[in-house]
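Participant: turn this into a model:
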Amino acid sequence: MNEYSLDKVHSGEGTFYDPTSGGAANIDDIGKDYYTAAMNNYDYMNGLAGAYVEITDKDGDKIKVLITDRLPEGKVGDIDLTREAFKKIEPEVTGRMKITWKIIPFPTEGPIQYLFKPTSTQYWAEVQVRNHRYPIAKLEYLNASTNTYVELPRQEYNYFTAQSGMGVGPYTFRVTDIFGHQVIDTIA
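Facilitator: Numbers count the residues shown, from 1 in each chain. Modelled structure (predicted):
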């Protein structure tokens, strides 16, 4: 995913919306403490669900937002801010503006966290990675019987799926962000 780096600036159009339900990334409980936005489908599906980005408008005004939702009809680079976030950098009457944006570190402390879907079992599981500084590109678990890492496919709703399960645990995960940083973690 070389198209993303801390130095790369992306451009698109900024609009606003009023979210009426939870966002596609399933991180609404985290999003309540931050300004949030929906990202165009291309970037969102390339691992930017849960990304923290800094948006700059044509006048140089900036706002930091957490990507909690998906904008299927948006073009590459487009971001749909919540109305509250939009109004922090542009008058609401504008409705649409040229923007640039870049990925920035999410302001978090403490270790990475793993949220298992409540319906997960040893035979089927879904895991969401949380509390990470940069967007997650890949989640793998260590298959105890083969001693090899198995990549879990990411779903559009920001969970990684172990279609045949991962056994009873404990689990060893290898998490890789979009910049290639890796963490190996064992959880009970």
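Participant: would you list the phi and psi of Lys88?
Facilitator: Taking degrees, to the nearest 10, you get phi -70, psi -20 for the backbone angles of Lys88.
Participant: test my guess that it contacts Tyr35.
Facilitator: Yes: the criterion here is Cβ atoms under 8 Å, and Lys88 meets it with Tyr35 at 7.1 Å. Any C-beta I mention is one placed from the backbone N, CA and C, and that applies to glycine too.
Participant: shared neighbours, these two?
Facilitator: Counting by Cβ atoms under 8 Å, 6 or more residues apart in numbering, the residues touching both Lys88 and Tyr35 are Ile63.
Participant: surely Asn158 forms part of a strand?
Facilitator: No: in this structure, Asn158 is coil, not part of a strand, as judged by DSSP: H, G, I helix; E, B strand; the rest coil.
Participant: and it, how many neighbours?
Facilitator: Residues near Asn158, counting by other Cβ atoms under 10 Å, number 24.
Participant: any idea how far it lies from Tyr141?
Facilitator: The gap separating Asn158 from Tyr141 is 17 Å, by Cβ to Cβ, to the nearest Å.
Participant: same question for Ile79.
Facilitator: As judged by Cβ to Cβ, Ile79 and Tyr141 stand 32 Å apart.
Participant: which one's more surrounded, the two?
Facilitator: Ile79 (26 against 21).
Participant: phi first, then psi, for the closest residue to the more buried one other than its chain neighbours.
Facilitator: Once flanking residues are discounted, Ile79 sits nearest to Ala37: 5.0 Å by Cβ to Cβ, 6 or more residues apart in numbering. Backbone torsions of Ala37, given as degrees, to the nearest 10, read phi -160, psi 160.
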